[in-house]
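Undergrad: here is a sequence together with a model predicted from it:
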Amino acid sequence: MDLNKQTIGFIGTGVMGKSMATNLQKAGYPLHIYTRTKEKATDLINDGAIWMPTVAELAKASTIIITMVGYPEDVEEVYFGETGILENAKPESIVIDMTTSKPALAQSIFTKAQNNAIHALDAPVSGGDIGAKNGTLAIMVGGEEKAFQALLPIFQIMGENIIYQGPAGAGQHTKLCNQITIASNMIGVCEAIVYAKKAGLDPSRVLESITTGAAGSWSLANLGPRMIQENYAPGFYVKHFIKDMRIALESAKEMGLATPGLLLSLELYQQLAETGEGDSGTQALIKLFEA
């Protein structure tokens, strides 16, 4: 596939999708855009992206279609049915779902795509709003390895750590491993910062010491400072993290795996959402510990 001759259709321009699409646009790719709220795509449209009024029209007009939506039900809505991507994309098109979704759903998309002579990849990402803006996302890919290799230059515009994980669904399983790791880590980050404050320490100075040692993590280095600054703007929504953890818990149960850390984190985040923080960033968890 000659990527210089391809038109990219991008569906979903939220906190992360907008930055990912912007990076593709800056790299010179013609973009077709669809999102439920057209206003969210205003900047992209002003910079030359073509607004498509329906998913079907976007699919027909594009050769590479990227989706970055909210929930598995949103993924199902845009991919399946008479007005969905898979019934309207051209043969030999490549579809890439970058939403964090269910591995089984990624496999269903792959099978249906294959039946329609379409190539499908599941390629969820990690790195939050910072990684999306800077083009430094970790991208975990499942599906046909040949399609992955063909699309690698596209992925390299959006991310840095790009790894093919295996057949359809493998990207989603890898992302769930990522979310399971973050789930327990976020509790530790919150407890450490609150502990530092209670001990009369400057928490920012404490972070200078502990982010470079054995306790170091992306969440500690990037979200710890936001917690201290009481900056709860979403780089990644609480409501979306809850969705991810529920999917991971469901997947773990299907495999007969106990994940007590994940379960505790989910319970705490659900408690946080019940206080009206669903649209806050995941760093708002510290509010439960400071209460």
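TA: That came in fine, so what should we check first? Numbering: from 1, shown residues only.
Undergrad: pull the number of nearby residues for Thr83.
TA: By other C-beta atoms under 10 Å, the residues close to Thr83 number 14. (Each C-beta comes from the backbone N, C-alpha and C, glycine too.)
Undergrad: typo on my end, it should be Gly256
TA: Quick note: Gly256 (other C-beta under 10 Å) scores 6 neighbours.
Undergrad: and the one 4 residues further on, by the same measure?
TA: Look at Pro260: counted by other C-beta under 10 Å, it has 8 neighbours.
Undergrad: what does Asn115 give?
TA: Should you count by other C-beta under 10 Å, Asn115 turns out to have 9 residues around it.
Undergrad: do the same with the one 4 residues further on
TA: When neighbours are counted by other C-beta under 10 Å, His119 registers 23.
Undergrad: now it, which residues is it bridged with?
TA: Counting by DSSP bridges, His119 is bridged to Ile94.
Undergrad: go ahead and confirm it touches Ser93.
TA: Yes - applying C-beta atoms under 8 Å as the test, His119 and Ser93 come out as touching, 7.2 Å apart.
Undergrad: how about the longest helix belonging to the chain, which residues are buried there?
TA: What stands out as the longest helix in the chain, according to DSSP state H, is helix 170-198. Of all the residues in helix 170-198, those buried under the rule 16 or more other C-beta atoms under 10 Å are 170-176, 178-183, 185-187, 189-190, 192-194, 196.
Undergrad: so what's in contact with His119 and Ser93 at the same time?
TA: Shared contacts of His119 and Ser93, defined by C-beta atoms under 8 Å, 6 or more residues apart in numbering, are absent.
Undergrad: about what we covered before: the longest helix of the chain: how far from the chain's middle?
TA: 16 Å (C-alpha atoms, centre = their mean, to the nearest Å).
Undergrad: same thing with stretch 81-94?
TA: 22 Å.
Undergrad: residues contacting that stretch, please?
TA: Residues contacting stretch 81-94 (C-beta under 8 Å, 6+ apart): 1, 11, 54-57, 59-60, 62-65, 67, 77-80, 95, 109, 112-113, 116-121, 147, 150-151.
Undergrad: got the CA positions of that stretch in CSV?
TA: Output of stretch 81-94 as CSV, limited to C-alpha atoms (Å, rounded to 0.1, in the frame of the first residue of the first chain):
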residue,chain,number,x,y,z
GLY,A,81,-25.1,-2.6,10.5
GLU,A,82,-26.1,-1.2,7.1
THR,A,83,-24.9,2.3,7.9
GLY,A,84,-21.6,1.1,9.6
ILE,A,85,-18.0,1.0,8.4
LEU,A,86,-17.9,-2.6,7.4
GLU,A,87,-20.8,-2.5,5.1
ASN,A,88,-19.6,0.6,3.4
ALA,A,89,-15.8,0.5,3.3
LYS,A,90,-14.1,-0.4,0.0
PRO,A,91,-12.5,-3.8,-0.4
GLU,A,92,-8.9,-3.8,0.6
SER,A,93,-9.4,-0.8,2.9
ILE,A,94,-7.9,-1.0,6.4
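Undergrad: and the contacts of stretch 81-94, which of them are buried?
TA: Those of the contacts of stretch 81-94 that meet the buried threshold are 1, 11, 55-57, 59-60, 62-65, 67, 78-80, 95, 109, 112-113, 116, 118-121, 147, 150-151, by 16+ other C-beta under 10 Å.
Undergrad: just the contacts of stretch 81-94: which are in strands?
TA: Applying DSSP state E to those, the entries found in strands are 11, 64-65, 67, 95, 119-121.
Undergrad: between which two of those is the distance greatest?
TA: Spatial extent of the ones in strands among the contacts of stretch 81-94 (C-beta to C-beta) is set by the pair Ile11 and His119 at 16.9 Å.
Undergrad: and for Thr136, the neighbour number?
TA: Thr136 has 13 nearby residues by other C-beta under 10 Å.
Undergrad: hmm, I typed the wrong one, I wanted Gln271.
TA: Neighbours of Gln271 (other C-beta under 10 Å): 12.
Undergrad: next one: the one 3 residues further on
TA: By the measure other C-beta under 10 Å, the count of residues near Glu274 is 9.
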